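Peer 1: model this:
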Amino acid sequence: MKTFLPALRLTLVAISLASSLYAQAWNDTLYRHIEQSIRQPRLAETEYPITRFGARPEQSAAKNQRAIQRAIDKCSARGGGRVIIPAGQRFLTGALTLKSGVNLVVEEGALLEFAFEPELYPIVPTSWEGLECYNLQPCIYAYEAEDIAITGRGTIDGGGTPQTWWPWCGNPKFGWHEGLPSQRLGGRQRMLRNGEDGVPLTDEKGRRHPLRTFTAQDGMRPQLVNFNRCRRILVQDVTLLRSPFWVVHPLMSTDVTLRRVKIINDGPNGDGCDPESCDRVLIEDCYFSTGDDCIAIKSGRNGDGRQRAMPSQNIIVRRCEMRNGHGGVVIGSEISGGCRHVFAHDCEMDSPNLDRVLRIKTNTCRGGTVEDINMRDIRVGQCREAVVKINLDYEPREACCRGFLPTVRNVSVERVTCQRSRYGVMIVGLDTATCVRDISVRDCRFDGVAQGNNIKGRTQGISLQNLFINGTPVQW
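Peer 2: This is a model prediction of the structure:
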């Protein structure tokens with residue numbers, strides 16, 4: 001026994017070291033497994049033109065909403081097919097609910113525009129900034145559906161402007177003034193309090209809890225597209241504009257594909273795509289120019305996320321183009337349920353209004369583990385702040401229960417080039433605990449860096465190999 005235990009300890013140390021080193025490298029086997037496991041929706045080809053059900057370009061949003069919804073309902077009831085928004089025409093509508101088997105096809109030259117008429121957006125179960133709630137229905141919404149799609153080369157316009165949805169953020173920059181609804185007038189605070197106090201989504205009889213229910217007067221803007229607890233989802237070829245809030249928000253869903261989607265949204269909190277507590281996600285050949293993060297991976301906020309305990313995992317981002325945004329590929333900040341197995345590669349980013357390339361943001365309200373994050377072959381013209389930023393002190397003044405230490409580990413960045421930024425690698429760890437571990441940046445070249453790297457707080461296993469800052473090799 002005396003000879004066995006030291007040998008066992010030595011073996012365990014070797015295994016642990018090998019696992020750590022392996023986790024920091026791109027894992028082709030895992031990548032291929034994720035790629036091959038993402039299932040596409042099974043869709044029928046029977047066509048249901050919305051004009052056949054009474055939709056007309058000259059009609060009111062309410063009348064078109066009823067007509068388009070009849071087409072969707074009939075299509076799903078008959079086994080699925082293609083609900084057609086015809087080419088060359090503009091249809092104003094209210095919120096729509098996708099059903100299983102339905103492919104909403106917005107043909108090239110067609111415009112599906114959502115009206116700023118809050119009464120056309122009923123109250124439904126969803127999530128808002130990682131907190132579960134009943135709120136205004138997203139413009140296009142699906143709940144517990146499977147085999148659904150939004151395709152075509154047309155345009156879907158959420159109607160967000162400083163004269164419609166955007167002032168509800170409460171910022172005069174986006175048109176808010178006294179007398180308008182705003183999330184800052186108590187609604188958002190009540191929502192955050194629900195998560196801290198553990199208020200259930202429904203009461204003992206299954207009815208929606210009044211504290212978790214929000215109306216137009218609370219100013220919590222709806223998403224443009226929200227898939228809630230759905231399976232086998234495809235969004236392909238469409239252009240998505242002017243969302244009231246986040247643009248594409250898959251929530252607690254599996255097998256999600258975004259392909260050749262163009263997202264332009266300059267509004268407040270205008271994230272491009274936010275997979276939340278999703279498994280098996282592919283985002284490829286997409287274009288993002290947003291007023292917030294381009295892609296932001298999430299898994300619930302604070303107590304809600306910890307109780308849900310559903311990490312976002314098995315995610316591939318490839319061949320995308322990012323322009324304006326707070327970050328290109330972002331994890332957090334609503335990441336209490338954790339995140340793992342993310343691969344981003346062969347993307348191009350370039351804008352004076354792009355703040356970061358890879359961004360991980362969290363804090364001691366969140367907790368959770370972010371691990372096995374991989375990025376390589378990214379070409380960046382310029383970004384405003386840092387090429388890589390890991391921040392464990394995000395929103396330091398957030399009113400919340402603290403003491404939930406987050407963990408960020410096994411992050412690999414390879415073959416990334418950038419022509420201009422303020423920092424190369426920026427890490428804001430904690431002073432009280434080592435929560436950032438095994439971060440590897442290798443074979444990268446960052447030029448035009450104004451202030452080098454900025455790493456503070458307690459970290460372990462930071463490895464900078466063959467990293468050149470302004471032509472000079474940097475070690476850590």
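Peer 1: check which helix or strand covers the residue lying closest to A399 once chain neighbours are set aside.
Peer 2: The spatially closest residue to A399, leaving aside those adjacent along the chain, is L192, at 7.0 Å (CB to CB, 6 or more residues apart in numbering). All C-beta spots, glycine's among them, are computed from the backbone N, C-alpha and C. Element membership of L192, judged by DSSP states H and E, is helix 187-197.
Peer 1: mind listing what's buried along that helix?
Peer 2: 187-188, 191-192, 194-195 (16 or more other CB atoms under 10 Å).
Peer 1: do stretch 469-476 as well
Peer 2: 469, 474.
Peer 1: for that stretch, what is the average pLDDT?
Peer 2: Stretch 469-476 carries an average pLDDT of 91.
Peer 1: and stretch 294-303, by the same measure?
Peer 2: 98.
Peer 1: mind listing the helices for the stretch 251-400 of the chain?
Peer 2: Along the stretch 251-400 of the chain, the stretches classed as helices by DSSP state H, counting those that start in this stretch are 302-308.
Peer 1: in what helix or strand does E45 lie?
Peer 2: Short version, using DSSP H and E: E45 is in no helix or strand.
Peer 1: quick one: pLDDT of the spatially closest residue to C347 that is not a sequence neighbour?
Peer 2: Distance criterion CB to CB, 6+ apart; nearest residue to C347, sequence neighbours excluded, is C320 at 4.7 Å. C320 carries a pLDDT value of 98.
Peer 1: C320: what's it in contact with?
Peer 2: Counting by CB atoms under 8 Å, 6 or more residues apart in numbering, C320 makes contact with 283-288, 294-295, 347-348.
Peer 1: which residues does stretch 450-460 contact?
Peer 2: 386, 392-393, 421-439, 462, 464, 469, 474, 476.
Peer 1: what's the ChimeraX line that selects buried ones from the residues you listed?
Peer 2: The following ChimeraX line selects those of the contacts of stretch 450-460 that are buried, judged by 16+ other CB under 10 Å:
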select :386,392,421,422,423,424,425,426,427,428,429,430,435,436,437,438,439,462,464,469,474
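Peer 1: mind checking which of the contacts of stretch 450-460 land in strands?
Peer 2: 386, 423-428, 436-439, 462, 464, 469, 474 (DSSP state E).
Peer 1: which two among those are spaced furthest apart?
Peer 2: R437 and I469 (22.7 Å; CB to CB).
Peer 1: so for the ones in strands among the contacts of stretch 450-460, which is the shakiest by pLDDT?
Peer 2: V474 (92).
Peer 1: excluding chain neighbours, what is closest to that one?
Peer 2: Closest to V474 by CB to CB, 6+ apart is L467, at 5.0 Å.
Peer 1: again with S421
Peer 2: That would be C383: by CB to CB, 6+ apart, it lies 5.0 Å from S421.
Peer 1: quick check: phi and psi at the one you found.
Peer 2: Backbone torsions for C383, taken as degrees, to the nearest 10, come to phi -140, psi 160.
Peer 1: which PyMOL command selects the buried ones in the contacts of C320?
Peer 2: Provided next is the PyMOL selection string for whichever of the contacts of C320 are buried by 16+ other CB under 10 Å:
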select buried, resi 283+284+286+287+288+294+295+347
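Peer 1: any idea which of the contacts of C320 is closest to L405?
Peer 2: I295 (25.6 Å).
Peer 1: what sits against the closest one?
Peer 2: 271-274, 283, 288, 317, 320, 322, 328-330.
Peer 1: out of these, who's nearest S182?
Peer 2: D271 (19.4 Å).
Peer 1: look up the pLDDT of the closest one for me, please.
Peer 2: So D271 comes in at 98 (pLDDT).
Peer 1: so it sits right up against K298, yeah?
Peer 2: No - the pair D271 / K298 is not scored as a contact, 9.2 Å apart, by CB atoms under 8 Å.
Peer 1: quick check: buried residues in the helix or strand where the residue nearest to V474 lies?
Peer 2: In the assignment (DSSP H and E), L467 maps to strand 459-469. The neighbour-count criterion (16+ other CB under 10 Å) identifies 459, 462, 464, 467-469 as the buried residues of strand 459-469.
Peer 1: farthest pair in those?
Peer 2: Once CB to CB is applied, these give T459 and F468 as the farthest pair, at 21.2 Å.
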